[in-house]
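**Q** Have a look at this prediction, sequence included:
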Amino acid sequence: MSPILLHLIASLAYLALAFFLWKDLQRGPNAPVKQRARVAHALVAVPLLIHAGLLSHSMVRADGLYLGVGNAISLIMALAVLIYWVASFFHRLEALNAMVLPAAAILSWLPLVLPATRPLENTELLVFRAHLLIAMLAYSLFTIASLHVLLMALQERRLHSHNVASFIQALPPLLTMESVLFKIIGAGFVFLTLTLATGVIFSEEIFGKPLTFTHKTVFGFMSWFIFGALLLGRAFYGWRGRVAVRWTLAGFMALVLAYIGSSFVVEIILQH
């Protein structure tokens, strides 16, 4: 089966499941809806497996690992869907899944739109592979945190305006959403710390030179400081609400600029 047809199947399946979950949320919380939502959650595994297979075909080749900006973003979304898929068996995440799945449907096409043109260097080193995996997990968790915080902002606005739609009613209480958010940020911060630490400690082994403060390094550490400050503010000053929204989105944007922004400029604009 051709890659284009498989991409189309995965994308349409993501969209169909997102639409199904969204329609269920609009009906309001009741037992039959919850049962149907469980079925929809289980079926997410189908497009996710196709998505994973397409990424494997696009990234892993005989001459090395191809991790261009298209593959990287698509991989981050696949990992985000996987994390949500696992978590949805333990928590009510219907509304969050309804946001993540359409994004995955669109971004799963990026390896075809922005194909990697050359293999990544140093992928034969185990420490570099670990560095890449940890970095992708960090990106995925902070992608989830950003979507989560946007949903929280919408939930808070609707509650304050007393315009509570049925899908808002299906969400967990705002305090529960906030608690989950900081758990996600905490896990992402651990992976981001490990990403930066492996980059610093093994810089000479991985890249053949000591650590230098490039565009990527500066924004990576900036994101680490932003999320670290947010977690400290939460622990000592009880930061929440709009403060958490602003700091989460600022940290995520710094993280996007650290890798995806610089890679987009190099690969797409400069075509290097």
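**A** That came in fine, so what should we check first? Remember, it's a predicted structure, so these values are computed and weren't measured experimentally. Numbering: from 1, shown residues only.
**Q** Give me the distance between the longest helix belonging to the chain and the centre of its chain.
**A** Longest helix in the chain, counting residues (DSSP state H): helix 126-160. From the chain centre to the centre of helix 126-160 is a distance of 5 Å (Cα atoms, centre = their mean, to the nearest Å).
**Q** ok, now stretch 102-115?
**A** So, by Cα atoms, centre = their mean, the centroid of stretch 102-115 is 13 Å from its chain's centroid.
**Q** Run through who's touching it.
**A** Outside stretch 102-115, the residues within contact range by Cβ atoms under 8 Å, 6 or more residues apart in numbering are 3-4, 7, 10-12, 14-15, 18, 47, 51, 54-55, 58-59, 68-71, 73-74, 77-78, 80-81, 147, 267-268. C-beta coordinates here come from the backbone N, C-alpha and C atoms, glycine included.
**Q** what is the mean pLDDT for it?
**A** What stretch 102-115 shows for mean pLDDT is 88.
**Q** Show me where this structure has its helices.
**A** Listed in chain order, the helices of the chain (DSSP H) span 3-27, 31-43, 45-59, 69-87, 94-107, 110-113, 126-160, 166-169, 174-201, 203-207, 215-237, 241-256, 262-264.
**Q** Can you tell me which of those helices is nearest to Pro119?
**A** Pro119 lies closest to helix 45-59 among the helices of the chain, at 9.6 Å (Cβ to Cβ).
**Q** Reformat the helices of the chain as a markdown table; add mean neighbour count and distance to Pro119.
**A** Formatted as a markdown table, the helices of the chain follow (neighbours: other Cβ atoms under 10 Å; distance: least, Cβ to Cβ, whole Å):
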| stretch | mean neighbour count | distance to Pro119 |
| --- | --- | --- |
| helix 3-27 | 17 | 19 |
| helix 31-43 | 14 | 35 |
| helix 45-59 | 17 | 10 |
| helix 69-87 | 21 | 11 |
| helix 94-107 | 22 | 22 |
| helix 110-113 | 17 | 14 |
| helix 126-160 | 19 | 13 |
| helix 166-169 | 16 | 44 |
| helix 174-201 | 18 | 20 |
| helix 203-207 | 14 | 15 |
| helix 215-237 | 16 | 19 |
| helix 241-256 | 19 | 24 |
| helix 262-264 | 18 | 15 |
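**Q** ranking these by mean pLDDT, which is last?
**A** Among these, helix 262-264 scores lowest, with a mean of 51.
**Q** List the residues that contact the nearest residue to Thr143 once chain neighbours are set aside.
**A** Computed as Cβ to Cβ, 6 or more residues apart in numbering, the closest residue to Thr143 that is not its neighbour in sequence is Ala80, at 5.1 Å. By Cβ under 8 Å, 6+ apart, the residues touching Ala80 are Val100, Ala104, Ser140, Thr143, Ile144.
**Q** same deal with Leu192?
**A** With Cβ under 8 Å, 6+ apart, Leu192 has these contacts: Ala138, Phe142, Gly220, Ser223, Trp224, Phe227, Leu255.
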